[in-house]
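*Asks:* Give the three-dimensional model of this entry:
(one chain, ligands or ions: 1)
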Amino acid sequence: MQNTLKRLFAFCLVCLSVQAAVAQQQPLQTPEQFLGYTLGEQFTTHARVVDYVNYLAQQAPNRIKVQEYGKTYEGRPLLLAYVANDENLPRLEQIRENNLRQAGVMSGTVQGKQPTIVWMSYNIHGNESVSTESVMQVLYDLVDPNNQQTKQWLQNTVLLLDPCVNPDGRERYVQWYKQTQNQGGNASPYAWEHHEPWPGGRPNHYYFDLNRDWAWQTQIESKQRLAHYNNWLPQVHADFHEMGAESPYYFSPAAKPLHESITPWQRQFQYTIGDYNRQYFDKNNWLYFTRENFDLFYPSYGDTWPTFNGAIGMTYEQGGSGRAGLAYKKQDGDTLTLKDRIAHHHAASLATIQASSEKADQLTQEFRKYYQNNLQKPAGDYKAFVVKADSRSAGNLKALTDYLDRQQIQYGYAGKNSSARGFNYATGKEESVRVGQNDLVVSMYQPKSTLVKVLFEPTSNLEDSLTYDITSWAMPYAFGLQAYALKNRLEPSNQKPAAKEANAIALERPYAYLARWNSLQDVKFLTELMSQKVKVRMSEKPFETEGQKYDAGTLIITRTGNEGIADKLDTTVRALAQKHGVDLRATATGFVSSGSDFGSGSVRYLKMPRVAVMSGEGVSPYAFGEIWHYFEQQIGYPVTVLGTNYFGSVPLHEFDVLILPAGSYGRVLNDQTLEQVKNWVRGGGKLIALETAAGFLADKKDFNLKQKGADEAAEAKEKEKAAKENPYVNLKAYGDRGREALSEDVQGSVFRVNLDKTHPLAFGYGDTYYALVRTADTFEFMKDGWNVGVLKKNNYATGFVGTKAKEKLQDALILGTQPLGRGQVVYLADNPLFRGFWHNGKLLFGNAVFLVGQ
Ligand SMILES: [Zn+2]
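*Replies:* Numbers count the residues shown, from 1 in each chain. Down below sits the predicted model:
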């Protein structure tokens, strides 16, 4: 991987320097001269931004090199501009390798003088569109041969600038704005140009928020970018954003909570950078704030993830975003212009470079120390993490190791059986652990141990519960794996796990093929079989045949029924099993020693469903995007997207499954269209409603789901009792109102959901599903229907939950189904596809679409 990247990198540099040699020595054009307008007079399209960056590279080949590191989902180029002085630019590769040697992720010794490396990312949120405008001015200043100041900074600093992290989202905003604006812009907050339509330009093509994706890397933009990031590991990373148009400017130091894994040095440098910024802003009399709103806890932001990779990570926030356009009249009567916004991000960029250059030696020293400590004195109570390997976990384990590879986290296998004591993620208790030779071991004694700690520790200490985002994400829960955290050191052996027994297909033309159902890989296997017209059945009951036990949900592919594809059956099934890593078995008989024979009624034929998903105004773009991405990018299965604006005229009989992502459905599902949907379900359709879509159906005629109301009488009683004990209990401080509301909150916390494992919605899981619960709005157990996943007492695993919320999450329905006529309604109160990173939910969603009601 690294070698390929290196070669690609070298190649790009060569071709660009050839181009550059052709260029004539002409005075360097400013953005204004090149574009034909002053920055801030209009928004610049992505194509023109790319043109300007390439122009600079051609004109100033001794100062800047440009690399196209990938393409977006919509095919737009993603660029990295490398800026350095003429001494460092030709030896970028050596500088990069030196840096990895400093971090201990590459062997060898540092050669030559090592500059500090600063990476700046612009416009990860598409409609925070000033960022990309300002980077053109920043690049010009850095490249301008007459600029003595930047020349001085570049003596000991190498810069990597990503001019636009999210071109698809930005272009969605910019094109809409250009089509909508008054000539020259209209500052009235009521003008159309200040009211972006659904879905807005913030997310990428699949409506993922890329600034929640740094640690998970589910999106193509993140995957490509962070592969490069990991090959560089800069000392400083700055991420440029915008916030509400009424706010002024935010820079470091960050707000609480700060994750405990952030070192004293990283905390201190937040203040140093803040001080440099302050000077630029004070000099110009610009308003700003620090230490509020933007915390450093959730690990998947552009400030935290780089921080856990040894950098000083920070966020810059300009007031504006998709609201502000070219000019915006604020409530205080002042007009915020795009030119103002550019000036502020430009100043913060320069302040960051100046601070990094003037503190370069210290940054480099501390960076080395950070990685040394990671390797030799890793922080935290746990020194190793062990993930159990068994026949059920193979698919999820493969997904986890793929993920660790992307993070450049080292792991290995135990190599021998042993015993230890450790925290059991499943029970939440300290227990004795039997480590098996094939179990996966992640040791904390490695360069990236801070990141390992943050991603694996069962509970992340929260110094203040007022945070911006989810509060738990521990990998064993996210991947649904049996795991232990050990207090004692355990190093993986160099041995690979013992090879699996050779695929037990001795038979050339077996009676049937069998495949277990345990992970997303199995869903991919099934859907590809369906697409290739292979008929697949599924056992509703566990069974045993030829000495092997199989769980309910096992796929059965019989020769009978597949005569249509004749000889292709064997080659197709075997090839697809291999492609998806499925442990395929073959059997010579349809008779089972326990369970149901393959001709039984409880071995169900799985019809290939025609799937539709609702999108458009009213639907949450993120929730919809997660489903869209699941079908197109994760399992490669056809899905038809239906818009809320014409849904009433869609002939639903064209589809077998209709998915309603979270959203507000009052308008689209009015009495008439809801009746159409019900009739379609009665005729055999399957309706899958997630989160607030399930809430919308609750308590409506023919839907058996009931919202769980608060027990008001009990609450009143409790309040009365509290007031008797303390007459001043209701005297609350106004300043604490944000904190008060927290008792109602659950902030992305992990719960152990008890499953009815005899229901197809739960197949492949055993007794427990780990849900990432983000709302306390839950449902009662259904009287008429199947309560497939429920929370009882003590099902809480980890993360922040307010006291009132905790009560509501007791004895609640999370996953359920009900028959309606010949069809089915599936309720998923929890979102199993949240941000595409909760791997453990992907099989569950596959069950809902492909198994339930068949
Ligand atoms: Zn942002």
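
*Asks:* So Asn211 belongs to a helix, correct?
*Replies:* Yes: counting by DSSP: H, G, I helix; E, B strand; the rest coil, Asn211 is part of a helix.

*Asks:* For it, which residues are in contact?
*Replies:* Residues in contact with Asn211 (C-beta atoms under 8 Å, 6 or more residues apart in numbering) are Ile124, His125, Asp239, His241, Ser300, Tyr301, Gly302. Heads up, the C-betas are built off the backbone N, CA and C, glycines and all.

*Asks:* now Gly112
*Replies:* Here Gly112 is in contact with Arg91, Gln94, Asn98 (C-beta under 8 Å, 6+ apart).

*Asks:* which one of the contacts of Asn211 has the most neighbours?
*Replies:* Of all the contacts of Asn211, the highest neighbour tally under other C-beta atoms under 10 Å goes to Ile124, namely 29 neighbours.

*Asks:* Please name the nearest non-neighbouring residue to it.
*Replies:* Distance criterion C-beta to C-beta, 6 or more residues apart in numbering; nearest residue to Ile124, sequence neighbours excluded, is Val165 at 4.1 Å.

*Asks:* Surely the one you found and Leu210 touch.
*Replies:* Yes: in terms of C-beta atoms under 8 Å, Val165 counts as a neighbour of Leu210; the distance is 6.3 Å.

*Asks:* Next, count neighbours for the residue lying closest to Tyr411 once chain neighbours are set aside.
*Replies:* Nearest non-adjacent residue to Tyr411, counting by C-beta to C-beta, 6+ apart: Val442, 4.6 Å away. Taking other C-beta under 10 Å as the criterion, the count of residues near Val442 is 27.

*Asks:* picking up where we left off before, show me what contacts the residue nearest to Ile124?
*Replies:* So Val165 contacts Leu78, Ser121, Tyr122, Asn123, Ile124, Leu210, Glu221, Arg225 (C-beta under 8 Å, 6+ apart).

*Asks:* Kindly recompute the last result at 7 Å.
*Replies:* Val165 is in contact with Ser121, Tyr122, Asn123, Ile124, Leu210, Glu221, Arg225, counting by C-beta atoms under 7 Å, 6 or more residues apart in numbering.

*Asks:* Checking the first one next. Helix, strand or coil?
*Replies:* To tie it back to what came earlier, the one meant is Ser121. Reduced to three states with three-state DSSP, the structure at Ser121 is strand.

*Asks:* If you drop the residues flanking it in sequence, what lies closest to Arg341?
*Replies:* Ranked by C-beta to C-beta, 6+ apart and with sequence neighbours excluded, the top spatial neighbour of Arg341 is Val130, at 4.0 Å.

*Asks:* no wait, Asn461
*Replies:* Asn461 sits nearest to Glu260 (C-beta to C-beta, 6+ apart), 5.1 Å away.

*Asks:* May I ask you to confirm that that neighbour belongs to a helix?
*Replies:* No: per three-state DSSP, Glu260 lies outside any helix segment and is coil.

*Asks:* from here on, count from 12
*Replies:* Let's use 12 as the start, then, which means that last one is Glu271.

*Asks:* Just confirm it contacts Thr470, I think it does.
*Replies:* No: using C-beta atoms under 7 Å, Glu271 makes no contact with Thr470, being 10.9 Å away.

*Asks:* still on that earlier bit, look up phi and psi at the residue nearest to Tyr422.
*Replies:* With angles defined as degrees, to the nearest 10, Val453 sits at phi -120, psi 110.

*Asks:* What residues are bridge-paired with it?
*Replies:* Assessed by DSSP bridges, Val453 has beta-bridge partners Phe396.

*Asks:* which residues does the residue lying farthest from the centre of the chain contact?
*Replies:* Distance from the C-alpha centroid of the chain peaks at Lys735, with 47.8 Å (C-alpha atoms, centre = their mean). Under the criterion of C-beta under 7 Å, 6+ apart, Lys735 has no contact partners.

*Asks:* Ser443 is in contact with Arg432, correct?
*Replies:* Yes: taking C-beta under 7 Å as the definition, Arg432 is a contact partner of Ser443 at 5.6 Å.

*Asks:* Once you drop chain neighbours, what's closest to the residue nearest to the spatial centre of the chain?
*Replies:* In the chain, the centroid-proximal residue (C-alpha atoms, centre = their mean) is Asp224; its distance is 3.6 Å. Nearest residue to Asp224 in three dimensions, chain neighbours excluded: Ser233, at 4.6 Å (C-beta to C-beta, 6+ apart).

*Asks:* helix, strand or coil for the one you found?
*Replies:* Ser233 - assigned by three-state DSSP - is helix.

*Asks:* pretty sure the residue nearest to Tyr422 contacts Gly423?
*Replies:* No: counting by C-beta under 7 Å, Val453 stays clear of Gly423, with 8.4 Å between them.

*Asks:* which residues in the stretch 162-311 of the chain form helices?
*Replies:* Secondary structure of the stretch 162-311 of the chain by DSSP state H, counting those that start in this stretch: the helices cover 178-191, 231-243, 275-294.

*Asks:* Could you do the stretch 712-861 of the chain as well?
*Replies:* So, for the stretch 712-861 of the chain - with DSSP H, counting those that start in this stretch - the helices run 723-736, 748-751, 814-819, 853-857.

*Asks:* ok, and which of those helices has the densest surroundings?
*Replies:* Most buried of the helices of the stretch 712-861 of the chain by mean neighbour count (mean count of other C-beta atoms under 10 Å) is helix 853-857; its value is a mean of 26.

*Asks:* packing partners for that helix?
*Replies:* helix 531-542 (3 or more C-beta pairs under 7 Å, 6 or more residues apart in numbering; DSSP states H and E).
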